[in-house]
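**Student:** below are the sequence and a predicted model; questions follow.
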Amino acid sequence: MTESDSFDAQLTAFVLRSTGAATISRTEVVQSLWSGYGQIVRCYLTGNAAPSVVLKHVRWPDEQAHPYGWVSDHSHQRKLKSYQVETTWYERYAERCADACRVPRCLAVEHRPDGVLLLLEDLDAAGFAGRRRSVNDAEVDACLFWLANFHATFLGNQPDGLWTVGTYWHLETRPDELDALDDGPLKAAAVELDRRLSASPFQTFVHGDAKLANFCFSSDGKQAAAVDFQYVGGGCGMKDVAYFISSCFDEDECERREAALLDRYFKFLREALDRSGKTIDSRALEVNWRELYPVAWTDFFRFLQGWSPGHWKAHRYSKRLASEVLNSL
């Protein structure tokens, strides 16, 4: 992390006003946002109960520079909406997430002509300082537990103000990648894949970018919290589960662990639904979502093949599931 060199008087005033702190002793850049849309900064405070807070400072860039070459007004508008969605998420929905699907508390929001300021609880200070590049079984369970409880919390809810259909690779928001897709059968099946996922009678909210990098872990790795809600919206929970598994394991592990991972997720989901008191037929939900797991994986694979052909996730396991799904249509 590096010291922030762009923390001006207005940002300082916003943080102090929102927290009641006396001063900001120092700041550090946690990360820059994708394609030059701002940065996330940790602010260390004095004279406040919280030792630190995190400021997500989103700025609309003058020029767009995408690492994979996708620079278009469509992609820019998608990013603008993603930050609007994330702001709505924190303002209207985040407080509904209990400890079982922990998210940072939103402390303040400020809309600006050139962007938005999101002031959030610092999950590091709250006991979730762990980040992982690889995971053990306990950490996998922590993430699957989080996803199951998140999906149970919002099952049957309408994603008002969020993406109607969540995930950053949703077909409707990715016409450029579909046009670039050089796989005829997969391209022809794209609409039907999307239809099947959206036709599930068991719709919930999906995180939309539930990769390992967006989970923060407790010191023992047994609890997880999640960040980055730019693509939260409606959908089948299998989209999150398939994407999470794809972010953790190579093709051999995906093959070997698929059944056990799905069993763990559905165990956690049944328990979460029981606690929620919702009148949901959990057996019917599980049957439906298990059938849609390979469809969700293939939908993401469809995006990958148009976005970044040769990506490491476009491996033998992905191709096998896609082939089976396409043959079943």
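**Tutor:** Arrived safely, thanks for sending.

**Student:** now the strands for the stretch 1-150 of the chain?
**Tutor:** For the stretch 1-150 of the chain, strands defined by DSSP state E, counting those that start in this stretch occupy the ranges 2-3, 23-32, 38-46, 52-59, 106-112, 115-121.

**Student:** next, format those strands as a markdown table and append distance to V206, mean neighbour count and mean pLDDT.
**Tutor:** C-betas here are computed from N, CA, C, even on glycine. Output for these, formatted as a markdown table (distance: least, Cβ to Cβ, whole Å; neighbours: other Cβ atoms under 10 Å; pLDDT from 0 to 100):
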| stretch | distance to V206 | mean neighbour count | mean pLDDT |
| --- | --- | --- | --- |
| strand 2-3 | 33 | 9 | 50 |
| strand 23-32 | 23 | 15 | 93 |
| strand 38-46 | 22 | 20 | 95 |
| strand 52-59 | 21 | 22 | 94 |
| strand 106-112 | 20 | 15 | 93 |
| strand 115-121 | 20 | 21 | 94 |
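
**Student:** what's the closest of those strands to K278?
**Tutor:** strand 106-112 (25.2 Å; Cβ to Cβ).

**Student:** before we move on, back to that, tabulate the strands of the stretch 1-150 of the chain (a markdown table), appending distance to R196.
**Tutor:** Formatted as a markdown table, the strands of the stretch 1-150 of the chain follow (distance: least, Cβ to Cβ, whole Å):
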| stretch | distance to R196 |
| --- | --- |
| strand 2-3 | 45 |
| strand 23-32 | 35 |
| strand 38-46 | 36 |
| strand 52-59 | 34 |
| strand 106-112 | 34 |
| strand 115-121 | 34 |
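
**Student:** which stretch among these comes nearest N288?
**Tutor:** In terms of Cβ to Cβ, the element of those nearest to N288 is strand 106-112, at 33.0 Å.

**Student:** just confirm Y231 is within a strand.
**Tutor:** No - read with DSSP: H, G, I helix; E, B strand; the rest coil, Y231 is coil and lies in no strand.

**Student:** need the contact list for it.
**Tutor:** By Cβ atoms under 8 Å, 6 or more residues apart in numbering, the contact list for Y231 reads S82, V85, W163, G166, T167, Y168, H207, G208, D209.

**Student:** next step: these restricted to helices.
**Tutor:** S82, V85 (DSSP state H).

**Student:** list just the nearest of the contacts of Y231 to R316.
**Tutor:** Using Cβ to Cβ, T167 comes nearest to R316 of those, at 23.4 Å.

**Student:** what ranges do the helices span in the stretch 51-200 of the chain?
**Tutor:** Using DSSP state H, counting those that start in this stretch, the helices of the stretch 51-200 of the chain run over 73-88, 137-154, 175-180, 184-198.

**Student:** could I get these as JSON lines with mean pLDDT and mean neighbour count?
**Tutor:** Formatted as JSON lines, the helices of the stretch 51-200 of the chain follow (pLDDT from 0 to 100; neighbours: other Cβ atoms under 10 Å):
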{"stretch": "helix 73-88", "mean pLDDT": "88", "mean neighbour count": "17"}
{"stretch": "helix 137-154", "mean pLDDT": "98", "mean neighbour count": "22"}
{"stretch": "helix 175-180", "mean pLDDT": "94", "mean neighbour count": "15"}
{"stretch": "helix 184-198", "mean pLDDT": "97", "mean neighbour count": "16"}
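
**Student:** of all those helices, which lies closest to C101?
**Tutor:** Closest to C101 of the helices of the stretch 51-200 of the chain, according to Cβ to Cβ: helix 137-154, at 4.0 Å.

**Student:** who are the packing partners of the closest one?
**Tutor:** If you count contacts as 3 or more Cβ pairs under 8 Å, 6 or more residues apart in numbering; DSSP states H and E, helix 137-154 packs onto strand 204-206, strand 215-217, strand 224-226, helix 238-248, helix 251-276.

**Student:** next secondary structure after the last one?
**Tutor:** The first helix or strand that comes after helix 251-276 along the chain, using DSSP states H and E, is helix 282-307.

**Student:** and the angle from that following helix to helix 184-198?
**Tutor:** Between helix 282-307 and helix 184-198, the angle comes out at 150 degrees (axes from the mean of the first three to the mean of the last three Cα atoms, to 10 degrees).

**Student:** on that earlier part again, of the helices of the stretch 51-200 of the chain, which is nearest V29?
**Tutor:** Across the helices of the stretch 51-200 of the chain, V29 has its closest neighbour in helix 73-88 (18.1 Å, Cβ to Cβ).
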